[in-house]
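*Asks:* from the sequence below, what's the structure:
(chains A and B)
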Number of protein chains: 2
Amino acid sequence: MSSQSLDELITSLKCLPGIGQKSAQRMALHLLERDKAGAERISRAISTALETVQHCQQCRNFSDNPVCGICADSGREQSTICVVETPADVLAVESSASYKGRYFVLLGRLSPLDGYGPEQLGLEQLQLLLGSGAVNELILATSATVEGDITAQYIADFATKSSVFSSRLARGIPLGGELEFVDSGTLSRALSGRQRFD
Amino acid sequence: MSSQSLDELITSLKCLPGIGQKSAQRMALHLLERDKAGAERISRAISTALETVQHCQQCRNFSDNPVCGICADSGREQSTICVVETPADVLAVESSASYKGRYFVLLGRLSPLDGYGPEQLGLEQLQLLLGSGAVNELILATSATVEGDITAQYIADFATKSSVFSSRLARGIPLGGELEFVDSGTLSRALSGRQRFD
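*Replies:* Numbering: from 1, shown residues only, chains lettered A, B, ... in the order given. As a prediction, this is how the structure comes out:
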């Protein structure tokens, strides 16, 4: 290779998820040949994010300030908390525009073998929050996997002890899903959870 | 969104070719959650590349120094020059490991409508090089498109005037290509350019 710093740029871009040698090369050449302003913007955005992004003290989501915008927003329902696994899940729920409460981000799910116990998930913090009496409902929006279910069950148990009502996301056929292509597990959950026509 | 700098990071990553909102979001969260060292490396590599990468004075390829490593390498044949369109093409030819001469990078192809004339392609510089008498053969490795062909023809014409022998890459069926799936244009070129069994 003729340029070491181009080489290093290509290698560094391979740190991005799903980017291999060929894509990294294409990206690096694109930035240098056609979008130097964009390149500078990415470099700056990464430094800024690394410097300023922290975890919100209340909900553990990513935030620029000690308390994130959602937690600080007094317009949101303070009595409902949606428990999710990752910051990406917060983005997903927010994009549905049908939830107006607060969040609690576990940053993982119970998985003792991987070293994720109640402590890593900040469950003590969540328990304190439930004990404060300010919360009426806990929506358990962990992922629909075995570990996600166990995590939800664990949290639901101590919510009950704090006399907080807990619910979880409905399981069933996704919108636009054709029965033919829905997997049998989902279909079985959709059948057992069938709802009355009103 | 709860964090402005995360927001800006996601938006900036969309400058990368082929990266939309979803992928940018995945990349940004991956960097912040799982690979801060990688993030720092990318940011640093981009700044360094923007500062140091320039075009080689001899071959116009990307280089950290005024003259690139390939042009400065006295072990390479000085008398053969391979003319390519982009720095990516140099990488491609280098990876074939079957060329040991020097390069000349056009950084485009003749396309008057897009504002690419002989001047933009540095053809004056190439002409001077040919006139110096140091070059015996010019390999025209422009792309196999109409514009690439025209560019090659144009350069071959003034190479002939400088009495420099010019050749171009063989056209035909790619390695592993099955006749059934080869397009008719390629097949017709492969037929007309058929080679004797030795």
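*Asks:* in chain A, where is pLDDT below threshold?
*Replies:* For chain A, the stretches flagged by pLDDT under 70 are A:1-2.
*Asks:* and the strands in it?
*Replies:* Taking DSSP state E as the criterion, chain A contains strands spanning A:54-55, A:62-63, A:80-84, A:102-105, A:137-140, A:165-168.
*Asks:* you'd agree A:I173 is up against A:A190?
*Replies:* Yes - under the contact definition of CB atoms under 8 Å, A:I173 touches A:A190, with a separation of 5.0 Å. Quick note: C-beta positions are derived from backbone N, CA and C, even for glycine.
*Asks:* give the contact list for the closest residue to A:S43 other than its chain neighbours.
*Replies:* In space, A:S43 comes closest to B:I46 once its chain neighbours are excluded; the distance is 3.9 Å by CB to CB, 6 or more residues apart in numbering or on different chains. Residues in contact with B:I46 (CB atoms under 8 Å, 6 or more residues apart in numbering or on different chains) are A:9, A:12, A:31, A:39-40, A:42-43.
*Asks:* let's go with 10 Å and repeat that
*Replies:* Contacts for B:I46 (CB atoms under 10 Å, 6 or more residues apart in numbering or on different chains) come out as A:5, A:8-9, A:12-13, A:28, A:31-32, A:36, A:38-44, A:46-47.
*Asks:* just A:D89 next, same as before
*Replies:* With contacts defined as CB under 10 Å, 6+ apart, the neighbours of A:D89 are A:61, A:82-83, A:103, A:105-106, A:141-143.
*Asks:* before we move on, what about A:Q4?
*Replies:* Contacts were defined as CB under 10 Å, 6+ apart; by that measure A:Q4 touches B:48-49, B:52-53, B:63-65, B:69.
*Asks:* again, but for A:G101
*Replies:* A:70, A:76-82, A:93, A:135-139.
*Asks:* would JSON lines of those with neighbour count and distance to A:A156 be doable?
*Replies:* Rendered in JSON lines, the data for those read as follows (neighbours: other CB atoms under 10 Å in any protein chain shown; distance: CB to CB, whole Å):
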{"residue": "A:I70", "neighbour count": "19", "distance to A:A156": "23"}
{"residue": "A:R76", "neighbour count": "15", "distance to A:A156": "23"}
{"residue": "A:E77", "neighbour count": "12", "distance to A:A156": "20"}
{"residue": "A:Q78", "neighbour count": "13", "distance to A:A156": "21"}
{"residue": "A:S79", "neighbour count": "12", "distance to A:A156": "17"}
{"residue": "A:T80", "neighbour count": "18", "distance to A:A156": "15"}
{"residue": "A:I81", "neighbour count": "25", "distance to A:A156": "13"}
{"residue": "A:C82", "neighbour count": "21", "distance to A:A156": "14"}
{"residue": "A:V93", "neighbour count": "17", "distance to A:A156": "18"}
{"residue": "A:V135", "neighbour count": "22", "distance to A:A156": "13"}
{"residue": "A:N136", "neighbour count": "14", "distance to A:A156": "15"}
{"residue": "A:E137", "neighbour count": "15", "distance to A:A156": "12"}
{"residue": "A:L138", "neighbour count": "27", "distance to A:A156": "8"}
{"residue": "A:I139", "neighbour count": "19", "distance to A:A156": "11"}
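*Asks:* which ones, among those, also lie beside chain B?
*Replies:* Residues shared between those and the neighbourhood of chain B are A:I70 [CB under 10 Å from any CB of the partner chain].
*Asks:* how is chain A divided into domains?
*Replies:* As given by automatic domain parsing, the domain ranges for chain A are A:4-52, A:62-196.
*Asks:* deepest of the ones you listed, which one?
*Replies:* domain A:4-52 (a mean of 19; mean count of other CB atoms under 10 Å in any protein chain shown).
*Asks:* how long is it end to end?
*Replies:* One end of domain A:4-52 to the other measures 30 Å (CA to CA, to the nearest Å).
*Asks:* circling back to that earlier point, which of the contacts of B:I46 fall within helices?
*Replies:* Cross-referencing the contacts of B:I46 against helices under DSSP state H gives A:5, A:8-9, A:12-13, A:28, A:31-32, A:36, A:38-44, A:46-47.
*Asks:* looking at the contacts of A:G101, which is nearest chain B?
*Replies:* The shortest separation between chain B and any of the contacts of A:G101 is 5.2 Å, and it belongs to A:I70 (by CB to the nearest CB).
*Asks:* how near is the closest one to A:V84?
*Replies:* Note on A:I70: its distance to A:V84, by CB to CB, to the nearest Å, is 12 Å.
*Asks:* need the overlap of contacts for those two.
*Replies:* Common contact partners of A:I70 and A:V84 (CB under 10 Å, 6+ apart): A:59, A:61, A:90, A:103.
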